[in-house]
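**Student:** Structure of the sequence below:
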Amino acid sequence: MGTRSVTVALCISLLSAGAAGYCYTRADALQVQGQWLMERGTAQAEDYANRLDGTAADAQLKTFAERRTVLQRAHQWQRGTMLGVLAAVLAAVSAYMLFLLKRLDDQLVDAMGELRPSSSSPPAHSAPDHTPALASGAQR
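**Tutor:** Residues are numbered from 1 along each chain as shown. You can find the predicted model right below:
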């Protein structure tokens with residue numbers, strides 16, 4: 001676990017965020033197109049109400065079918081946006097966790113280096129003194 005894994009996770013996070021932004025712009029453009037098709041269908045409905053012509057009704061149905069397909073495509077791009085945001089957040093959290101694991105690993109290496117006795121220094125613990133202590137009232 002090194003800085004390379006953290007860098008890769010951050011790159012994945014940035015790429016996912018960029019993909020989410022692209023998906024958002026595509027979905028927004030399709031929403032605008034769907035709105036325009038709705039207004040067109042409304043105008044065709046008013047035309048049908050004025051003339052009572054079957055061709056206007058057929059054109060309106062065709063417009064509504066086209067709007068439905070456009071909105072379905074917009075919905076797919078919105079799903080892509082949500083997946084991109086989710087992937088970006090997960091990759092960012094993973095990068096943070098990898099960073100914390102790297103710091104922990106570095107701290108463990110430093111702590112292990114401090115615990116190892118070097119050959120030039122005396123041992124930290126001296127042998128206990130086994131001379132019996134004479135207590136004033138303990139002699140027989």
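**Student:** quick one: average pLDDT of the biggest helix by length in the chain?
**Tutor:** Looking across the chain with DSSP state H, the single longest helix is helix 54-115. Averaged across helix 54-115, pLDDT comes to 90.
**Student:** Mind giving me the packing neighbours of that helix?
**Tutor:** Helix 54-115 sits against helix 3-51, with contacts defined as 3 or more C-beta pairs under 8 Å, 6 or more residues apart in numbering; DSSP states H and E. From N, CA and C alone the C-beta is placed, and that goes for glycine too.
**Student:** mean confidence for the helix it packs on?
**Tutor:** 90.
**Student:** Can you check what angle separates it from helix 54-115?
**Tutor:** Interaxial angle, helix 3-51 versus helix 54-115 (axes from the mean of the first three to the mean of the last three C-alpha atoms, to 10 degrees): 170 degrees.
**Student:** other SSEs contacting helix 3-51?
**Tutor:** Using 3+ C-beta pairs under 8 Å, 6+ apart: helix 3-51 touches helix 54-115.
**Student:** who's in contact with the residue nearest the centre of the chain?
**Tutor:** The geometric centre of the chain, computed from its C-alpha atoms, lies nearest to residue 89 (C-alpha atoms, centre = their mean), at 1.6 Å. By C-beta atoms under 8 Å, 6 or more residues apart in numbering, residue 89 lies in contact with residue 13.
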